[in-house]
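Q: Got a sequence here, can you model it:
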Amino acid sequence: MRGRLAVRAPPVLPRRPRRGRGRTGAAGVRRGSGRIRRRGGAGPAGHRVRARHAGGRAGARIPSPEARRLGEEAGRVLKAIGTFEFARPGFFEDARLDPSWLPGELPDFIATCLETMAPGWNLDAAERKRLLARAERYAPLVAAVAGAARLVHSDYNPKNLLARREGRGWRITAVLDWEFAFSGCPLTDVGNMLRFGDTPFTDGLVDGAEPLPAGWRETARALADFLTRPPREPALRAVLSSAGEPPASAHRASGNRPGPA
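A: All right, here's what the predicted structure looks like:
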């Protein structure tokens with residue numbers, strides 16, 4: 001059966017829309033170690049994909065041990081995606097990479113977003129102040145990875161994955177919806193997936209994506225909070241409700257496991 005896994009966890013602050021989509025060849029891409037595999041029999045449109053529809057939160061309809069194995073597979077696929085490198089960070093604009101969207105200083109970038117890119121948000125002065133304060137705390141984390149130039153899906157979550165059973169495990173057969181992809185730090189994708197909270201699926205994803213750099217969890221959270229797709233009001237409110245937390249608070253010890261940057 002063909003299907004998608006679970007639901008979208010809406011991101012928070014807007015990124016600039018792009019005209020060009022998927023034209024990475026002239027943007028200085030260097031092929032990484034990841035491979036795209038074709039599976040299943042041929043159909044009218046090329047290749048048939050068979051997948052299970054899990055529904056709910058990430059892996060919620062799959063027993064915990066299986067959900068963790070599926071998460072590990074999703075983490076391995078995400079790790080392979082991040083092996084594709086580019087000459088510089090930026091959005092794909094036609095046949096080139098445009099770095100102008102990247103924030104020099106995160107608080108200034110957020111202030112610009114609030115003034116020009118999200119006029120429909122019903123934020124009062126206190127809420128804007130809290131959001132900017134969070135950006136101030138996260139600014140060093142974002143600055144530390146500002147030069148990263150690897151392939152980022154930017155909407156990597158269970159809804160955009162197709163999977164099927166293979167033996168006792170799972171195989172991701174397709175990653176969908178690449179229209180928001182850009183050249184940057186792959187931890188953005190990890191942070192986006194962790195919006196689902198700590199579940200067997202996300203625990204498996206972290207294991208599959210290992211090794212991760214020291215302090216990865218707070219950096220991933222900062223990137224996913226502030227450098228993702230156009231927002232929905234519930235997600236924005238969720239960020240505001242936790243805006244008083246320090247970036248590294250109350251995370252499990254695995255969030256600081258050492259690994260290569």
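
Q: What ranges does the stretch 51-200 of the chain have for its helices?
A: Ranges of helices in the stretch 51-200 of the chain, per DSSP state H, counting those that start in this stretch, are 64-81, 106-112, 125-144, 187-193, 200-209.

Q: Point out the most buried one among those helices.
A: Among the helices of the stretch 51-200 of the chain, helix 187-193 has the highest mean neighbour count (mean count of other C-beta atoms under 10 Å), at a mean of 27. (Each C-beta comes from the backbone N, C-alpha and C, glycine too.)

Q: re earlier: and the helices of the stretch 51-200 of the chain: which comes nearest Val152?
A: helix 187-193 (5.1 Å; C-beta to C-beta).

Q: I would like the residues contacting the closest one, please.
A: With C-beta atoms under 8 Å, 6 or more residues apart in numbering as the test, helix 187-193 has contacts from 9, 11, 58, 74, 78, 81-82, 145, 152-157, 202, 205-206, 209, 212-213, 216, 219-225, 227-228.

Q: Quick check: Leu162 touching Trp170?
A: No: under the criterion of C-beta atoms under 8 Å, Leu162 is not in contact with Trp170, lying 10.7 Å apart.

Q: neighbour count winner among the two?
A: Trp170 (24 against 19; other C-beta atoms under 10 Å).

Q: Contact partners for that one?
A: 66, 69-70, 73, 163-164.

Q: Identify the residue nearest it in space, chain neighbours excluded?
A: Leaving aside its chain neighbours, Trp170 sits nearest to Leu70 (4.3 Å; criterion: C-beta to C-beta, 6 or more residues apart in numbering).

Q: Can you list phi and psi of Gln83 for me?
A: Heads up, residue 83 is Thr, not Gln. Backbone torsions of Thr83, given as degrees, to the nearest 10, read phi -80, psi -10.

Q: Ok, Ala146 next?
A: Taking degrees, to the nearest 10, you get phi -60, psi -30 for the backbone angles of Ala146.

Q: Per-residue pLDDT of it, please?
A: We have a pLDDT of 86 for Ala146.

Q: Tell me how far it lies from Arg195.
A: 22 Å (C-beta to C-beta, to the nearest Å).

Q: want to throw the contacts of Trp170 into JSON lines with distance to Leu131 and pLDDT?
A: Below are those laid out as JSON lines (distance: C-beta to C-beta, whole Å; pLDDT from 0 to 100):
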{"residue": "Glu66", "distance to Leu131": "38", "pLDDT": "87"}
{"residue": "Arg69", "distance to Leu131": "38", "pLDDT": "92"}
{"residue": "Leu70", "distance to Leu131": "34", "pLDDT": "92"}
{"residue": "Glu73", "distance to Leu131": "35", "pLDDT": "96"}
{"residue": "Ala163", "distance to Leu131": "36", "pLDDT": "90"}
{"residue": "Arg164", "distance to Leu131": "41", "pLDDT": "89"}
